[in-house]
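Novice: Provide a 3D model corresponding to the input given below.
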Amino acid sequence: MRLITMDDETPPARDLPEVVQRLQPMPPRKSSIEGPKPVNLKILAEYLSLSPATVSLVMNNAPGASAIAATTRHRVLEAAKRLDYRPNPIARSLRTRQTFTVGVIVPEFSEGYFTMLMNGIEEHLLQSGYLHYVVSHQGKRDLIDEYPRLLTKRAVDGFLLVNTSLNEEVSVPVVSISGHKKLNGNTNILLDHDRAALLALKHLYDLGHRRIAFMKGQRQASDSDSRWEGILAMAKRVGLTIYPELCVYLEANSWSPELGYPIIRDLLARTRDFTAIFCFNDIAAIGAIRAIADAGLRCPDDISVIGFDDISSAAYHTPRLTTVRQPLRRMGEMAVQTLLKRIESPQEAYPEVILFEPELMVRESTSSAPLTVRYSPAAAQMDVPSKSRTSRKQ
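Specialist: Purely as a prediction, here's the structure:
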């Protein structure tokens, strides 16, 4: 279909009375209380001297609307507001064979990571005229299998998955944030975990840390394996040894600082022969810092801590948390843009993977390694910068 767009020289709008005279109240009928006839798309197009197709593109914020001159788009929106034009969702659905609803499946509702993602997702869906169902499965396999069936029965146009992998293919487009699993019809929005590990480990290495404790995510966490594989690969590249006795594994399904507290408390009870901890996420890092303080130690003077995600509270914690930032809001927005484009243009090719770059946010929870730590013989032979070296604060 060829799109005809109007430039800034579009004809002036016709006089309101001439076009919308039919909107005046009808003569009263028997017990009739009907008001003015509502403005439809055709009336709005006549009023603006534009084609119904142009007005429809603007009002539906369709992909082709960006080709229409900005002044024309502004005129359409202002006229729609003035005439109280409201698109008919039923007619729109019949015309496009879409329900303009999306199913969003998440592990759980919690502050931090999911909040930042959902802010980007919800705002972009709202601007695009889509409603959405949000369901959480709490990691329960039966719900992960059942929710897609239930939402498909409600005729959703597509699925947005957050840290969730489906076991079966579905009949509508799917976009996954941190899904990792390859399925037909699925686009994965991913972070470059190799790059993330390199940024964090090089930062610690440059500060003189050689014995580092590592925290691996829960088995059900979709990013856990990819992030761990990145750490293993990048530690070798940087020249760091990963000591099994300094590796701890998250088990609890929690999104409070309690997630990281007990495992670091127990690690400190076994050994203090390390100078830094690389945590699976910021929430766990905050719990780890509390465990360090309760053990009579200080962060970062005795033990440095790096988190992951850069949740909104990371920069306001004491000490301010050094962390690897995921651009969560932009990832949520890109997920929606990709899904809606696939829904509205199903014949077009689509990407299987969209990769985002991480960023290291250096703050107060990391500093030069203390010189009093007991290094292993192999680590002691490595160059350790003097205590005068300081980290860049932010």
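Novice: Surely V162 and G103 touch.
Specialist: No - assessed by Cβ atoms under 8 Å, V162 is found out of contact with G103, at 11.4 Å. Where you see a C-beta, it was placed from the backbone N, CA and C, and this is true even at glycine.
Novice: tell me the domain ranges of this structure?
Specialist: 16-29+36-87, 98-192+329-356, 193-326+359-380 (automatic domain parsing).
Novice: Return the distance of the longest one from the chain's centre.
Specialist: Taking the mean of its C-alpha atoms, domain 193-326+359-380 sits 23 Å from the chain's own mean (Cα atoms, centre = their mean, to the nearest Å).
Novice: Nearest residue to I263 in space, ignoring adjacent ones along the chain?
Specialist: V248 (4.5 Å; Cβ to Cβ, 6 or more residues apart in numbering).
Novice: same thing with D225?
Specialist: In space, D225 is closest to H180, 7.7 Å off (Cβ to Cβ, 6+ apart).
Novice: And for E245?
Specialist: E245's closest residue in space is T271 (Cβ to Cβ, 6+ apart), at 6.8 Å.
Novice: which stretches of the stretch 201-350 of the chain form strands?
Specialist: Secondary structure of the stretch 201-350 of the chain (DSSP state E, counting those that start in this stretch): strands at 212-216, 247-249, 276-278, 304-309, 322-325.
Novice: Turn those into a markdown table, including mean pLDDT and distance to A69.
Specialist: Formatted as a markdown table, the strands of the stretch 201-350 of the chain follow (pLDDT from 0 to 100; distance: least, Cβ to Cβ, whole Å):
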| stretch | mean pLDDT | distance to A69 |
| --- | --- | --- |
| strand 212-216 | 97 | 53 |
| strand 247-249 | 96 | 57 |
| strand 276-278 | 98 | 51 |
| strand 304-309 | 97 | 41 |
| strand 322-325 | 98 | 37 |
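Novice: Output those strands as TSV; include the columns distance to A65 and mean neighbour count.
Specialist: What follows is those, written out as TSV (distance: least, Cβ to Cβ, whole Å; neighbours: other Cβ atoms under 10 Å):
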stretch	distance to A65	mean neighbour count
strand 212-216	46	24
strand 247-249	49	17
strand 276-278	45	28
strand 304-309	34	29
strand 322-325	32	26
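Novice: will you turn those into a markdown table that also has distance to L201?
Specialist: As requested, those are arranged in a markdown table below (distance: least, Cβ to Cβ, whole Å):
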| stretch | distance to L201 |
| --- | --- |
| strand 212-216 | 8 |
| strand 247-249 | 14 |
| strand 276-278 | 7 |
| strand 304-309 | 9 |
| strand 322-325 | 10 |
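Novice: what's the closest of the ones you listed to T54?
Specialist: strand 322-325 (40.9 Å; Cβ to Cβ).
Novice: partner strands of that closest one, parallel or antiparallel?
Specialist: The pairing partners recorded for strand 322-325 under DSSP bridges are strand 304-309 (parallel), strand 359-361 (antiparallel).
Novice: send the alpha carbons of that strand over as CSV?
Specialist: C-alpha atoms of strand 322-325 as CSV (Å, rounded to 0.1, in the frame of the first residue of the first chain):
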residue,chain,number,x,y,z
THR,A,322,29.5,0.5,42.7
THR,A,323,27.5,-1.5,40.2
VAL,A,324,27.2,-2.7,36.6
ARG,A,325,24.3,-0.8,35.1
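Novice: can you list contacts of it?
Specialist: Contacts to strand 322-325, defined as Cβ atoms under 8 Å, 6 or more residues apart in numbering, come from residues 196, 199-200, 203, 282, 285, 304-310, 314, 358-366, 391.
Novice: cool, stretch 290-298 as well?
Specialist: 257, 260-262, 264-265, 268-269, 272, 299, 302-303, 305.
Novice: Save the residues you listed as JSON lines, and put in distance to G129 too.
Specialist: Shown next, in JSON lines, are the contacts of stretch 290-298 (distance: Cβ to Cβ, whole Å):
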{"residue": "P257", "distance to G129": "39"}
{"residue": "G260", "distance to G129": "41"}
{"residue": "Y261", "distance to G129": "44"}
{"residue": "P262", "distance to G129": "46"}
{"residue": "I264", "distance to G129": "47"}
{"residue": "R265", "distance to G129": "50"}
{"residue": "L268", "distance to G129": "53"}
{"residue": "A269", "distance to G129": "56"}
{"residue": "R272", "distance to G129": "57"}
{"residue": "C299", "distance to G129": "47"}
{"residue": "D302", "distance to G129": "54"}
{"residue": "I303", "distance to G129": "50"}
{"residue": "V305", "distance to G129": "44"}
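Novice: Minimum pLDDT in the residues you listed, which residue is that?
Specialist: pLDDT across the contacts of stretch 290-298 is lowest for P257, at 91.
Novice: what packs against whichever helix in the chain runs longest?
Specialist: Taking DSSP state H as the criterion, the chain has its longest helix at helix 328-344. Packing partners of helix 328-344 (3 or more Cβ pairs under 8 Å, 6 or more residues apart in numbering; DSSP states H and E): helix 113-127, strand 159-162, strand 174-177, strand 186-191, strand 353-356.
Novice: Select from these the stretch with the lowest mean pLDDT.
Specialist: helix 113-127 (a mean of 88).
Novice: And it, what's buried?
Specialist: 113-114, 116-118, 120-122, 124-125 (16 or more other Cβ atoms under 10 Å).
Novice: hang on, the earlier thing: are any of the contacts of strand 322-325 buried, and if so which?
Specialist: Using 16+ other Cβ under 10 Å, the buried ones in the contacts of strand 322-325 are 196, 199-200, 203, 282, 285, 304-310, 314, 358, 360-366, 391.
Novice: could you measure S226 against L232, distance?
Specialist: 11 Å (Cβ to Cβ, to the nearest Å).
Novice: Please say which of these two ends up with more neighbours.
Specialist: S226 (20 against 12; other Cβ atoms under 10 Å).
Novice: Find me the pLDDT at the more buried one, would you?
Specialist: Reported pLDDT for S226: 94.
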